Each structure stands twice: as structure tokens, then as C-alpha cells.
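Asker: how would this look folded up:
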Amino acid sequence: MTVQISRKLFLYGDSGKDFTKTAGLFTHAAGKESARIVLLMQGEAGWQKFYQKFQQIFETHGVTNITPIFPKGTSLYLDSDSLARIDEATGIFVCGGYPYRYIKIYSENESSELIKKAYYSGIPYAGISAGAILAMRLELLKNCCLKPHFSEKNRFGELLNKLEKDKHRFALGLDSGICLQIIDESDVTVCGSGKFYLFEHIGNKEYNLKIFNPGDTFSLK
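Answerer: Prediction:
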């Protein structure tokens, strides 16, 4: 008998007031109380306060096995222990920060293959802001580009320029309170607060725009 593996992707505009609630979508998918979550971070000074923030939120959902992952010192590479923790995880959560640094650490070396292997084997991936952008770089969601903090930072022009430049089919604009729950890269549920903006490229500098509210569902097919 063939077992159908469901892939789950959670994209967050930011860790705003609704994040404690929407984080439960990810922790539930990762195994609830038995989850082993790796918290992928950019490192550098001050990482502890960010780790403690997410640790406290995940613990409200019964998760206690949470491992911070980041390069040591000035390195952009993970050590063997960190790679092993990613390989053993039941949930991968990528924090926010500088997208360029996340891309260098997690999409251009051995860690990228581990993350993709985990996701395609059914391990849920969640990313906040830069972590959501990283999911696009890893092509966990193909033919899409993304901008977090969307309407708050008036990123309409930025997103449309990227859509036109990279020739993607879809562009995703996430307000800071939005969480997208995406099953098998297709079935999307909008959660959290704020608006979600979906642009579809239909021709040379021509787009369709749909605006969704929390509770709405749609397909990326």
C-alpha cells in the first residue's frame, strides 16, 4: 500500500500579535508535544533573545524540544552537529532577519539539500519574513516570488518589479499578521490578520490581482 505524503508549508509575514495563535498550525503539523523543532537562525550577537521568544511561544503549544541552529562565529556554514539536528527534525522553522545572510547559509551549501529532503519527505517548513523568502529561494514553492510586511511597507512596486524581472507566474504579498498554510504547493488557507495579495502574471507587464482575508482559501494551480 502506498502512503501519501502531504507537504506542509507555513509562510509568515512577521511574528506579530497573532503569531502565538498561528504558530500552533506549524507546531501541530510538526508533531505537537512530540515535535523536534529546529530553529534556523542567522546567528551573530543577540541570537539568544530571539530564540527565547520563539521557545516561549512554541512551549505554549506543548513543544519543548527546540534546537537553535546557526553558524558559529563568522562562518556561513553549519557544523556537523547542526546538520544532524536538521536531519532528525520533525519541523523546520526559519526565523527572520537579513535575507541575504539566510540565503548564504541555507541555500548555497549542504544545508539546502537537507532542508529540501526534509520538506519533500513530509517534514513541515515554516518561515517568518526572511525565512519565507528563503522558501522561495529553495524553490519549495516554485514559480513564485514573495514580499513580507507588504502593505505596511508599501512594497507593491518592489513585488511587481521582481515578478516582471524573474518571470514568475505568481507574486505573494503578505501583510505582517498573515500566515499562509500551503498544502502540497497548491491548496492555500489564509490565516492570521491583515490582507494577502496574490498577483498573477498574465502577459508583458499585465497582472491579475486578488486580495484575500483570513479564512479564505484558494489554489495556486
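Asker: Quick check: phi and psi on the residue most central in space within the chain?
Answerer: Taking C-alpha atoms, centre = their mean, the centroid of the chain lies closest to Gly127, which sits 2.3 Å from it. Dihedral angles of Gly127 (phi, psi; degrees, to the nearest 10) stand at phi -140, psi 140.
Asker: Just to be sure, Lys21 is in a helix?
Answerer: Yes - under DSSP: H, G, I helix; E, B strand; the rest coil, Lys21 sits within a helix.
Asker: who are the neighbours in contact with it?
Answerer: By C-beta atoms under 8 Å, 6 or more residues apart in numbering, Lys21 lies in contact with Gly192. To be clear about C-beta, it is placed using only N, CA and C from the backbone, and glycine gets the same treatment.
Asker: Which residues does whatever helix or strand Gln55 lives in contact?
Answerer: Secondary structure assignment for Gln55, by DSSP states H and E: helix 47-59. In this structure, residues lying in contact with helix 47-59 by C-beta under 8 Å, 6+ apart are 15, 19-20, 23, 27, 37, 39, 41, 66, 68, 70, 93, 95.
Asker: Using CSV, write out the CA atom coordinates for it.
Answerer: Only the C-alpha atoms of helix 47-59 are listed here, as CSV (Å, rounded to 0.1, in the frame of the first residue of the first chain):
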residue,chain,number,x,y,z
TRP,A,47,20.5,35.4,19.0
GLN,A,48,19.5,34.3,22.5
LYS,A,49,16.7,36.8,22.9
PHE,A,50,15.2,35.7,19.5
TYR,A,51,15.5,32.0,20.5
GLN,A,52,13.8,32.6,23.8
LYS,A,53,10.9,34.4,22.1
PHE,A,54,10.1,31.5,19.9
GLN,A,55,10.8,29.0,22.6
GLN,A,56,8.2,30.5,24.8
ILE,A,57,5.6,30.7,22.0
PHE,A,58,6.2,27.1,20.9
GLU,A,59,6.1,25.9,24.6
